[in-house]
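Q: here are the coordinates; sequence isn't available:
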């Protein structure tokens, strides 16, 4: 089954068309990288997969076509159903979206306390946070009262990454996480984009079982992720062209990719 599918999707925000008649399929277990120029609408693909959270309060959002999550039409997911679908998704959007009035531990564990407090004991939730920070070499950030305002940019990125992974998602949405990082920091981060934590509590919150995490990455710098993706697509002039695997991407002679 496809994890995510766009069928003839046209997206208009505030009267401006960002996507036009887009068809795109993300297969379960693969890593798909979508590349495009800054401001072309790449991030909107990720937000569309989440049901446009936080959008629509200002500029008008108009979408035509259909988006499917694991075979379910998103337009038919309302209330609790939409919330349950989002619980199976981890996302790392630009800036990390940390909550400034919560400390680091609470930021990371917030999805569990919000969605799974009736299933998991507090000690299991906190143990997940401790494991993630330890594996990332950031255990010191788990000190009580440590707020996001005290973190540097790279630390904020990892805290956001830990929060995205704490509920064992089966779909991972990443908005160019390595943008602005140096070569050493980028190499380290890319290892954690493919890190799948092993929690001792026995809960499979995302329902993934033994399956492989599915990833959708958007970027304006294809070189950074050329060794990461299974397939690559280009967003240009409001449409998406699926190029193929990394060899096809490297050998493509198209003007935009060059």
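A: Noted; the coordinates are in hand. Remember, predicted model here, so these are calculated numbers, not experimental data.
Q: Who are the contact partners of residue 239?
A: 19, 20, 21, 22 (C-beta atoms under 8 Å, 6 or more residues apart in numbering). For every residue, glycine as well, the C-beta is placed using N, CA and C.
Q: Sort out which of the residues you listed are buried, if you could.
A: 19, 20, 22 (16 or more other C-beta atoms under 10 Å).
Q: Partner strands of the helix or strand hosting the second one, with direction?
A: Counting by DSSP states H and E, the secondary-structure element that holds residue 20 is strand 16-27. Using DSSP bridges, the strands paired with strand 16-27 in its sheet are strand 2-13 (antiparallel).
Q: Now the partner strand: average pLDDT?
A: For strand 2-13, mean pLDDT rounds to 94.
Q: Over to stretch 105-115?
A: 93.
Q: ok, and what's touching it?
A: Everything outside stretch 105-115 that qualifies as a contact, by C-beta under 8 Å, 6+ apart, is 83, 87, 98-99, 102, 120, 125-126, 128-129, 132-133, 142, 144, 146, 148, 159, 162-163, 166-167, 205.
Q: Filter the residues you listed down to just the ones in helices.
A: If you go by DSSP state H, the contacts of stretch 105-115 have 83, 87, 125, 126, 128, 129, 132, 133, 159, 162, 163 in helices.
Q: could you measure the first one against residue 119, distance?
A: Relative to residue 119, residue 83 is positioned 15 Å away (C-beta to C-beta, to the nearest Å).
Q: got the contacts of residue 239 as TSV, with pLDDT and distance to residue 8 columns?
A: Output for the contacts of residue 239, formatted as TSV (pLDDT from 0 to 100; distance: C-beta to C-beta, whole Å):
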residue	pLDDT	distance to residue 8
19	95	10
20	95	10
21	96	6
22	95	7
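Q: and the spatially most central residue of the chain, what are its bridge partners?
A: With distances taken as C-alpha atoms, centre = their mean, the residue of the chain nearest its centroid is residue 173 (1.7 Å). Applying DSSP bridges to residue 173 gives these bridge partners: residue 91, residue 216.
Q: Could you tell me the model confidence score at it?
A: Reported pLDDT for residue 173: 95.
Q: The residue nearest to residue 82 when sequence neighbours are not counted: neighbour count?
A: Spatially, and ignoring its direct neighbours in sequence, residue 82 is nearest to residue 51 (5.6 Å; C-beta to C-beta, 6 or more residues apart in numbering). Residue 51 has 18 neighbours, counted by other C-beta atoms under 10 Å.
Q: residue boundaries of the strands in the protein?
A: 2-13, 16-27, 31-35, 61-69, 72-73, 89-92, 171-175, 214-219, 231-236, 239-244 (DSSP state E).
Q: So which residues make contact with the shortest one?
A: With contact meaning C-beta under 8 Å, 6+ apart, strand 72-73 is reached by 66, 67, 85.
Q: What residues does residue 143 make contact with?
A: Counting by C-beta under 8 Å, 6+ apart, residue 143 touches residue 104.
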